[in-house]
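In: model the structure of this input:
(chains A, B, C, D and E, ligands or ions: 5)
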Amino acid sequence: MSDPVLSLRDVHTDIAQYHILQGVDLDVPRGGVTMLLGRNGVGKTTTLRTIIGHWKAKSGTIAYNGDEITSLPVPARARAGIGFVPEDMGIFADLTVEENMTLAAASGPLDPQRRDWLFTVFPPLRTFWHSEAGNLSGGQKQMLSIARAMAEERSLYLIDEPTKGLAPAIISTMAGALRELKRQGASILLVEQNFAVAKALGDTAAVMEDGRIVWTGAMAELAGDAELQERLMGLSMEAH
Amino acid sequence: EIRIAHVYGKTGPFEAYAKQSHDGLMMGLAYATGGTMEIDGEPIVVIEKDTQLKPDLGKALLAEAYGDDDAHIAVGPVSSGVALAMLPVAEEYERVLIVEPAVADSITGENWNRYIFRTGRNSSQDAIANAVALGGKDVTVATLAQDYAFGRDGVAAFKEAIEKTGAVVAYEEYVPTDTTDFTAAAERIFQNMADVEGDKKLFIIWAGGGNPMGKINAMDPSRFGLEIATGGNILAALTAYKELPGMEGATYYYYEIPKNPVNDWLVEEHMKRFGTPPDFFTAGGMSAGIAVVEAIKAAGGAEDTEALIDAMEGLEWASPKGPMRFRAEDHQALQVMYHFRTEVQVGKDYGVPVLVREIGIDEMDIPIRN
Amino acid sequence: MSSAPEHKPTFAAVSLSEQIGTAAPFLLIPVLVVLGFVAIGAPSSWLTLTVSGLAMGTMIFIMASGLTLVFGLMDVINFGHGAFISVGAFVGISVLMTLGGWTEAPSLALNMGAVLLAVVAAMAVTGVLGWGFERIIVRPVYGAHLKQILITVGGLIVIEQLIHVVWGPEEIFFTRPETLKGAVTFGGAAVEKYRLLAVVVGIALFVAMRMVLRRTKIGLIVRAGVENGEMVEALGYRLRLVFIGVFIAGSALAGLGGVMWGLYQEVITAGMGEEMMILVFIVVIIGGLGSVEGAFIGALLVGLLQNYVAFLEPKLALVSNIALMTAILLWRPQGMLPVVKAK
Amino acid sequence: MTQTLLETDGLTVRFGGHVAVDGISCSFRAGELTAIVGPNGAGKTTYFNLISGQIPASAGRVKLLGEDITGLGVAQRCRRGLGRAFQLTNLFPNLSVLENVRLVIQAHRQKGFSLFSMADSHTEMTTAALAVLERVRLDTLRHNTVAELSHGNQRKLEVALLIALDPMVYMFDEPTAGMSVDEAPVVLDLIAELKADRERTILLVEHKMDVIRSLADRIIVLHNGALVADGPPAEVMASDIVQEAYMGRELEDV
Amino acid sequence: MLVNLLSGDKPRSALLTVILLVILVALALAPFLFPGVRSLETAARICIFIVLVASYDLLLGYSGIVSFAHTMFFGLGAYGVALASVHMGRGFDALVVGAGLGAIASAVVALLIGLFSLRVRAIFFAMITLAVASAVAVLVSQFSGLTGGEDGLNYKVPRELTPAFRLGEIFGVRVSGKTLNYYLVFFGSLALFLLLLRIVNSPFGRVLQAIRENDFRAEAIGYRVVAYRTLATCLSAAVAALAGSLFAIWLRYVGPDTTLSFEIMLDILLMVVIGGMGTMYGAVIGATIFVLAQNYLQTLMGSASEATTAIPLLSQLLDPDRWLLWLGVLFVLSVYFFPTGIVGRLRAGR
Ligand SMILES: Nc1ncnc2c1ncn2[C@@H]1O[C@H](COP(=O)(O)OP(=O)(O)OP(=O)(O)O)[C@@H](O)[C@H]1O
Ligand SMILES: Nc1ncnc2c1ncn2[C@@H]1O[C@H](COP(=O)(O)OP(=O)(O)OP(=O)(O)O)[C@@H](O)[C@H]1O
Ligand SMILES: CC(C)C[C@H](N)C(=O)O
Ligand SMILES: [Mg+2]
Ligand SMILES: [Mg+2]
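Out: Ligands and ions are numbered 1, 2, ... in the order given. Have a look, this model is predicted:
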């Protein structure tokens, strides 16, 4: 595979007085799905927020398509082609679904074809196109948040726990959508707790522990090695 | 030394008036002491205090002036509300307070105490003077005033006085103090005055911001043969009078009207010091200044308050408005007022109040209300 | 590529009352006008009161328009708006006074030219002032209403005092340009000429603002930004620029309002804007935050009601606006046509 | 036949024209854990909202211990024994983890209106709160403010508050969403313990099939606001409606 | 014991403790430390405003309710005493009755307003309180027969509380009724303050904080939010009224500008923020600093502009008549440098 689309080198991030990221090294290969895994509170979300720029990295470098973006303002990173699905979904509750999507298409009007494609992936968006996003169900909000990131062609997607609160049927269609993006050449960095999804989607995986990446490799390798999972994530396939 | 405290609202909405009043006071002291600022060798010290137009602060400051600074006489303030709060302090400290230019009747009325004197005119003097100026047989008047105590008292006094002249007050309109749109008021007045016969006037009593004259005039009251009338005001405000040439009323002071040495000196000196003619409240300040000096001279010193009071009751002195007299009953200074008509004059960007006639002290019987 | 299973939530018909409810605010004005006619009787008086009431309404709208952006959309409780109104008036009137030749000439063209120059100057100055205000005063307090109130009141006081320093403490009296003096009389009604100018300006402004907010994403960006700025930036928008821009626009509009109001009053004081603030807030609130239409209707309501009430029962004029606000908030706790939800 | 604790009868709500919950009649018995499943937007959370009173019903009734509580407000219902944990975490962000739980205990013991005693002098409440935190393994974080917690830990606190409330009817809305696979069991074991107490009844909204299999005595299925299936897990899981509308295809064969 | 008096709410900062002690001692011995008329006025004012501000903080800082009607309650208390003294005649009974009725009236009005918070959002609630307050101001000026209108009311308090009542000397300071009056104010304020301190640290106080944080969830765990909010509003209104009564007893004058004006409302707001929202001690510090500034800023500036007469514009800006300018600057700076208030600063900087 060619050079990574995104690479973090020894990234440290503080939140308030806490030292959260303690030297993260991470490569996201171009055109692949990279799973970012780990227990609760190890720093996955913080990593994503540092990449998009919501937290500023205290030290270390973040390179995107070979250019350093460590000190770019957030909008600049977004316009460089990074799409972001935050953990809390970050939907605009007071705006309608339509308005949320209109905003999501930052570089012009929303392309009708793309919109219809998103409708087939997340049907409720069509049904509730004109209703207030704040009134959507938990899962529907999650869908909107993902759809928003997909509203325009992006070359890198940062997605934080997209499947939480989604019904199995939607999960599988969403998985399909992500594969579709990948097919179009996009790269994806995906935080996921649902191991089945991770296994089905991930090409490569990185596992975090206490603000560091403690293991990287092929997803298949991790999926195949129960004892490794046990050690890294206190998880054994048997239980699930 | 003789300590005079000037306790007045230097800052706040009345800042402009306050400045005039203070300049006047200083010039009055200067004039009455022949520029020496000394009375029988005793130097005069003027202590300034800013009430910020807050009654509680005024109270504290006057107490401070009498108590801490040991002032013999205090002068001020600008606002009636502050003045009323201050009155009891004078009584407590048994020192004289000369009220200038606060106008509320109750200062020399129910809230008065024997330590209170007032050189400024009170509202009834204003109202009555206007009544005398406007009144007469088969004159019908409508009034417009702000809907609070000050406005209503003014109209009451005006009505009482003008009815003595044979005129009738056919209609009274009161509007909220902060009114900016006078359409409704005008309409009501027009409706009520439209089919009145004879000589019709609309008398306006207005304090503070807003400018009812201009707005009502713009609605062309002449359609109903209605003439606008009102009292005098500071020079700046006379700009609005320019639109109403020929308007009549009674004013307290306009620098070109009084003809006497004191006023001549005031105008000349003011021009010299500030390059502008003296204004409405400058004259008042000066009257107070002169009164202070005359009183102290007459009492032979400022130490003994009782002596001061005796000397001041009935004291008569020469002010920019000619002779003034503290009447013994309520310590209100009686003074002439001026019946004027506005004229547009070249080189003046305001409507000039030109003297029609001087209204003598005994033409106005100002009720004693204490 | 798969698609999700069927999803058809059940929909019942929306009741008629709900449909009427949405239209109600737009009906208020005509209803009020008719009620006015019934209550007042005398047609000429009714005409005078109605026309000048609506005119007063548009003047209030001009002053409120800026606040619908800053308070309505950006959710900033900006008492500085009052100061901008005053500054606008002082700058504008000063310009007019230096153009004495133009204003005293009985030529509509010259007079309008002078007024136009005054407006431009005022909006320029207040716009710049707004820019500085946003940087220094408002930026640290986005989202914190209380601090907004305090810090902007601080700014208000400072600016007012600076007006004192520059223009002196006296109120400045002046007279309108020649052709704007006096009234036009028709059918026994007399309406100040100047009010007609105000109507024209107000309506033009209303249409322009509506266009901008409809045709661009600015409104959306601001609303979304207030709710979740991080996310708006993550979508690629330079939120700061948008906020600054909108704030400047709001301030400039305050300047415009100041000139118009000053010309109406024919006397200006440093406190004139502050005195209007409560009224202006009321207008924005009853209109519904962020809604230009709402603010416009609200302003007209205030103007009309003031005149009618003052004519019918002056005592009540003391509280008519307060009553109006309370009534409307009891009827619609979010205001008539809310665009933004109140916090 | 154990006693019925909670009962809904033709419970319905409309938003504008949209019927989000469509005449659901259902009763829940003590000692029973009922899983509520259904596609996103089926009306599960809204059904909870109607039961706990967050949203007023357009039609239908809610009965607790046979008593009609439809007219009561949220707080009153809560005091009568309806406990609710939220799908989207909903806590007191700037208070400490301990204070969050302590407040619930204080509410449960109705101490809210004591004006002149010192809160800290009520040590018994603090100890009770600590006990609850230990059960969800958050005692180590008790002095952190909630805003400082990671998402997963906030989910655990959400559960802790419900347990501290000690209600008759527990309503869990996707308690393990976003919880890591080693943390989830902690919560699930807790729920199992609660179940052991035969006095209570538990309503559980969950999308994770394995969780449902391991805990549920009964499953009800909502679809487009209506109750479309009700019965023992195996049976319901097998039904077409669930396979079609809910499960969709299994991930692997996408 | 002491801890109990403070309801276990310790200053939690050495420096803060020292400052508070200094203020306490200074106020307790004011008549003897600063015998001047003016300084005693200032001291009394500080005492009263500490209570007023603290009562407002109960609403704002602890309950997150923003009301602009607080001066109205302050006024109700003041007018209560004034009217009682006018109509019942000079006497302690008048003071007690006036204060009592004032407090009750305030609580009732607060109850009515409180019910609004049911319907409208916080920010509109603030605007409605603003409207109600201004309506009351209008009424006061309308019923001038009763209230004295703009001019306000002068009245007499018992002779024992006036300077005329002489009691000889202590440490060379003349002790008079005024001194007694001051101590009435001082101890009255102290008691009210400690009461508030207790309330905010009671279980009730904790609930208020919970509601401020997340009223939706507070309701969901069984607290009837409206009931708590309303009670908080009533309590704070009643205390504000009592502060007003003390003020009236001290001033022997009430008028709209002294008790009802929006200016004072803003001053209160600023004092809360300077001191630090949601901490009663903030009220103490905020009120002290602000009242001192208000009373001595002008004097200070006077000398400052003397010193700078050379520099034209600056001396113009420092002219005592421009004191408001600097007050405005104070507003701005206090928000800048004390985002969490002085108390917040001190506690953080431990
Ligand atoms: N705003 C904050 N202030 C202080 N600490 C924080 C804040 N946000 C997160 N943290 C801490 O940073 C660490 C990492 O948090 P993060 O949200 O990145 O974890 P995570 O891996 O996303 O966990 P989860 O799987 O639960 O989402 C956690 O220990 C958390 O307590
Ligand atoms: N306050 C509201 N106003 C309008 N529509 C609403 C409101 N609340 C919920 N809805 C609609 O009702 C439907 C049911 O929502 P609900 O949250 O109950 O779904 P759910 O079953 O919990 O879904 P999920 O599994 O995604 O949480 C959704 O389509 C939602 O859009
Ligand atoms: C009136 C506003 C200050 C209230 C606002 N919602 C706040 O809580 O800050
Ligand atoms: Mg996370
Ligand atoms: Mg749900």
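
In: in chain B, where is pLDDT below threshold?
Out: Residues of chain B that meet the criterion pLDDT under 70 lie in B:209.

In: what's around the residue of chain A found nearest chain B, how many residues?
Out: Scanning chain A for proximity to chain B using CB to the nearest CB identifies A:D94 as nearest, at 35.7 Å. No exception for glycine: its C-beta is placed from N, CA and C like everyone else's. For A:D94, the count of nearby residues is 19 (other CB atoms under 10 Å in any protein chain shown).

In: and for C:L300?
Out: 24.

In: ok, the residue lying closest to it once chain neighbours are set aside - contacts?
Out: Spatially, and ignoring its direct neighbours in sequence, C:L300 is nearest to C:G57 (3.7 Å; CB to CB, 6 or more residues apart in numbering or on different chains). Applying CB atoms under 8 Å, 6 or more residues apart in numbering or on different chains, we find C:G57 in contact with C:G202, C:A299, C:L300, C:L301, C:V302, C:G303, C:L304.

In: would it be right to say that the second one lies in a helix?
Out: It refers to C:A299. Yes. If the criterion is DSSP: H, G, I helix; E, B strand; the rest coil, then C:A299 is within a helix.

In: which residue sits closest to it, ignoring its sequence neighbours?
Out: Counting by CB to CB, 6+ apart, C:F61 is the residue found nearest to C:A299 once chain neighbours are left out, at 3.7 Å.

In: pretty sure that neighbour contacts C:A295?
Out: Yes. Counting by CB atoms under 8 Å, C:A295 is a contact partner of C:F61 at 6.2 Å.

In: identify the contacts common to those two.
Out: The contact sets of C:F61 and C:A295 overlap at C:V283 (CB under 8 Å, 6+ apart).

In: which is the next helix or strand following the lowest-mean-pLDDT helix or strand in chain C?
Out: Least confident helix or strand of chain C, by mean pLDDT, DSSP states H and E, is strand C:10-11 with a mean of 70. Reading on from strand C:10-11 to the C-terminus, the next helix or strand found by DSSP states H and E is helix C:16-40.

In: what's the first helix or strand after that following helix?
Out: Per DSSP H and E, the first helix or strand lying C-terminal to helix C:16-40 is helix C:43-67.

In: sketch out the low-pLDDT regions of chain A for me.
Out: Residues of chain A that meet the criterion pLDDT under 70 lie in A:1-2, A:235-240.

In: cool, the stretch 1-150 of chain C as well?
Out: In the stretch 1-150 of chain C (pLDDT under 70), the answer is C:1-10, C:12-16, C:18.

In: swap in the stretch 201-343 of chain C?
Out: For the stretch 201-343 of chain C, the stretches with pLDDT under 70 are C:343.

In: show me what from it comes close to chain B.
Out: Applying CB under 8 Å from any CB of the partner chain, we find that the stretch 201-343 of chain C lies next to chain B at C:264-267, C:269, C:271-272, C:275, C:303, C:306-311, C:314-315, C:317-318.

In: buried among these? Make that a PyMOL selection.
Out: This is the PyMOL syntax for the buried subset of these, where burial follows 16 or more other CB atoms under 10 Å in any protein chain shown:
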select buried, chain C and resi 264+265+266+267+269+271+272+275+303+306+307+308+309+310+311+314+317+318
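
In: of the residues of the stretch 201-343 of chain C next to chain B, list those near chain E.
Out: Applying CB under 8 Å from any CB to those, one finds that C:L318 fall near chain E.

In: look up how far ligand 3 lies from B:F281.
Out: 41 Å (CB to the nearest ligand atom, to the nearest Å).

In: excluding chain neighbours, what is closest to that residue?
Out: Nearest residue to B:F281, sequence neighbours excluded (CB to CB, 6+ apart): B:Q20, at 3.8 Å.

In: please name the residues that touch that neighbour.
Out: By CB under 8 Å, 6+ apart, B:Q20 lies in contact with B:I234, B:P278, B:D279, B:F280, B:F281, B:T282, B:G285.

In: and with 7 Å instead?
Out: B:D279, B:F280, B:F281, B:T282, B:G285 (CB atoms under 7 Å, 6 or more residues apart in numbering or on different chains).

In: in contact with the third one, which residues?
Out: When contacts are counted by CB under 7 Å, 6+ apart, B:F281 is found next to B:Y17, B:Q20, B:S21, B:G24, B:P101.

In: with the last one instead?
Out: Shown here is B:G285, whose contacts under the criterion CB under 7 Å, 6+ apart are B:Q20, B:S21, B:H22, B:D23, B:G24, B:L25, B:G28, B:E100.

In: most centrally placed residue in chain B?
Out: Residue closest to the average C-alpha location in chain B (CA atoms, centre = their mean): B:R121, at 4.4 Å.

In: helices of chain A, start to end?
Out: Using DSSP state H, the helices of chain A run over A:44-52, A:74-79, A:97-104, A:112-121, A:123-127, A:138-150, A:168-183, A:195-201, A:219-224, A:226-233.

In: try chain B
Out: All helices of chain B, identified by DSSP H, fall at B:15-32, B:55-67, B:80-93, B:123-134, B:149-164, B:183-193, B:212-218, B:235-238, B:261-274, B:280-299, B:305-312.

In: list the buried residues for the first one?
Out: Applying a neighbour-count criterion of 16+ other CB under 10 Å, one finds B:15-32 buried in helix B:15-32.

In: thinking again about what came up before, out of the contacts of C:G57, who's the most crowded?
Out: Counting neighbours by other CB under 10 Å, the top entry in the contacts of C:G57 is C:A299, with 31 neighbours.
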